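Asks: Turn this into a model:
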Amino acid sequence: MAAAADRGRLTELAHVHPPVLEASGPARTAVRAGYQGEPGAYSEEAVLALFPTAAPVGHRTFTKAIDALQGGDVDVDVIPVENTLGGIVQEANDLLWERGGLRLVAEYVHPIRHCLLGFPGAPVRRAMSHPQALAQTRRYLEARGIEPIPHHDTAGAASDLATRPEPGLAAIASAAAARRYGLEVLAEGIQDDDTNRTRFVVVERGVPDRPAAAAAGSKCSLCFVAAHEPGSLVVALQCLSTRSVNLTRLEARPIFDKPFEYRFFLDFQVADPEAAEAALRDLEAKAHEVRLFGTYRAFA
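Replies: Residues are numbered from 1 along each chain as shown. Presented below is the predicted three-dimensional model:
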């Protein structure tokens with residue numbers, strides 16, 4: 001019954017189409033959900049918040065997580081795309097642009113409460129964690145003269161510290177990671193802002209849904225490259241503004257091999273599906289390139 005509830009949750013969240021429903025049907029005991037990180041990572045928490053009986057499958061990198069999804073080793077990926085303090089999650093967004101055959105089908109906003117983990121005794125001189133976590137705790141670390149050490153994962157940093165402890169070395173991760181790896185919480189809630197949140201998206205294989213087929217209250221995500229000429233970004237954004245389509249996110253990322261040229265990651269609300277579809281079609285006509293990621297129910 002629990003696994004069936006997760007399959008229903010997929011449908012409820014994402015209006016999922018047959019490929020995922022078949023992959024997570026009666027022959028499967030649970031939805032196989034990939035994420036970047038190790039057990040105890042915030043991404044695993046997001047997976048279990050979305051699909052409580054899922055079989056979470058951690059991967060060391062975002063690339064490996066996407067590879068597993070495209071290869072059919074998992075049914076969905078749950079990946080972070082932006083944080084209220086650290087901003088855009090660069091590698092995850094770049095992969096959405098680079099890989100084809102994927103679509104976003106849901107989003108989830110997860111509260112992030114960072115803890116300083118370690119062993120009592122020696123004062124903390126260095127702290128290792130994922131670069132996003134280090135960025136989100138920058139003021140705390142600077143105020144105490146703690147050197148930030150980048151690591152591929154928050155929970156991975158906790159795991160490595162537990163197996164290879166060093167005097168003065170700590171990890172920044174969740175309280176759940178402390179319990180999992182037998183570490184002590186030396187300080188709790190060390191993020192620079194208590195409103196710290198990370199936005200995750202659920203990714204599956206398939207063709208992205210367009211706004212025309214969406215329910216009011218949905219969100220549409222895409223990436224575009226404006227024509228390389230004066231006023232092209234304004235022209236692109238006017239495709240939305242002239243139809244009263246509300247922009248909720250705009251992030252610039254450099255284009256490889258084209259110095260100081262950019263692609264733009266964009267989200268907008270689908271209050272009126274017809275107007276949103278017209279805005280998208282206009283953008284597709286006027287921008288140099290548009291890549292639609294999906295239209296899905298916005299997180300409430």
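Asks: what about the residue nearest to Ser244 when sequence neighbours are not counted, which SS state?
Replies: Distances taken as CB to CB, 6 or more residues apart in numbering place Ala275 nearest to Ser244, at 6.7 Å, with adjacent residues excluded. For every residue, glycine as well, the C-beta is placed using N, CA and C. Of the three states, Ala275 takes helix under DSSP: H, G, I helix; E, B strand; the rest coil.
Asks: dump the residue contacts of Ala275.
Replies: Shown in contact with Ala275 (CB atoms under 8 Å, 6 or more residues apart in numbering): Arg243, Ser244, Val245.
Asks: With pLDDT added, can I get those in TSV?
Replies: As requested, the contacts of Ala275 are exported to TSV (pLDDT from 0 to 100):
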residue	pLDDT
Arg243	98
Ser244	98
Val245	98
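Asks: between these, which is closest to Val109?
Replies: The nearest member of these to Val109, counting by CB to CB, is Val245 at 21.4 Å.
Asks: these two touch, right, the closest one and Ala279?
Replies: Yes - using CB atoms under 8 Å, Val245 makes contact with Ala279 at a distance of 4.6 Å.
Asks: Count the residues that sit near Gln238.
Replies: 15 (other CB atoms under 10 Å).
Asks: in which helix or strand would I find it?
Replies: helix 232-241 (DSSP states H and E).
Asks: Give me the distance from the following helix or strand past that helix to the chain's centre.
Replies: Counting by DSSP H and E, the next helix or strand C-terminal to helix 232-241 is strand 247-254. Strand 247-254 has its average C-alpha position 15 Å from the chain's average C-alpha position, going by CA atoms, centre = their mean, to the nearest Å.
Asks: domains in the chain, as residue ranges please.
Replies: The chain breaks down into these domains under automatic domain parsing: 2-111+199-205, 115-188, 211-297.
Asks: where among these is the average confidence lowest?
Replies: Mean pLDDT is lowest for domain 2-111+199-205 out of the domains of the chain, coming in at a mean of 83.
Asks: how far away is the residue sitting nearest the centre point of the chain from Gly168?
Replies: Closest to where the C-alpha atoms of the chain average out (CA atoms, centre = their mean) is Pro80, at 1.3 Å. For Pro80, the distance to Gly168 (CB to CB, to the nearest Å) stands at 30 Å.
Asks: Then His152?
Replies: Distance from His152 to Gly168, by CB to CB: 21 Å.
Asks: Repeat that for Val201.
Replies: 38 Å.
Asks: Which residue of those two possesses the greater neighbour count?
Replies: When neighbours are counted by other CB under 10 Å, Val201 comes out ahead of the other of Val201 and Gly168, with 27 against 14.
Asks: burial of the nearest residue to the more buried one once chain neighbours are set aside, as a residue count?
Replies: Of all residues not flanking Val201 in the chain, Leu104 sits nearest, at 4.8 Å (CB to CB, 6+ apart). Using other CB under 10 Å, Leu104 has 25 other residues around it.
Asks: in its sheet, what does the host helix or strand of Leu104 sit against?
Replies: Using DSSP H and E, Leu104 maps to strand 102-111. Partners of strand 102-111 in the sheet, by DSSP bridges, are strand 197-205 (antiparallel).
Asks: At which residues are the strands of the stretch 101-250 of the chain located?
Replies: For the stretch 101-250 of the chain, the strands defined by DSSP state E, counting those that start in this stretch cover 102-111, 115-118, 126-129, 147-150, 169-173, 184-188, 197-205, 218-225, 247-254.
Asks: Work out the gap between the third one and the centre of the chain.
Replies: The gap between the average C-alpha position of strand 126-129 and the chain average comes to 22 Å, counting by CA atoms, centre = their mean.
Asks: Residues contacting it, please?
Replies: Contacts of strand 126-129 (CB under 8 Å, 6+ apart): 114, 116, 134, 137, 141, 146-151, 154, 157, 160-161, 168-173.
Asks: how about a cut-off of 7 Å?
Replies: 116, 141, 146-149, 151, 154, 157, 168-173 (CB atoms under 7 Å, 6 or more residues apart in numbering).
Asks: hmm, which two among the residues you listed are most spread apart?
Replies: Thr154 and Gly168 (19.3 Å).
Asks: the helices in the stretch 51-200 of the chain, which residues?
Replies: 62-70, 90-98, 131-136, 138-143, 154-163, 175-181 (DSSP state H, counting those that start in this stretch).
Asks: For Arg291, which of the ones you listed is the nearest?
Replies: Here helix 90-98 is closest among these (CB to CB), at 6.1 Å.
Asks: mind listing what's buried in that closest one?
Replies: Gln90, Ala92, Asn93, Asp94, Leu95, Leu96, Trp97 (16 or more other CB atoms under 10 Å).
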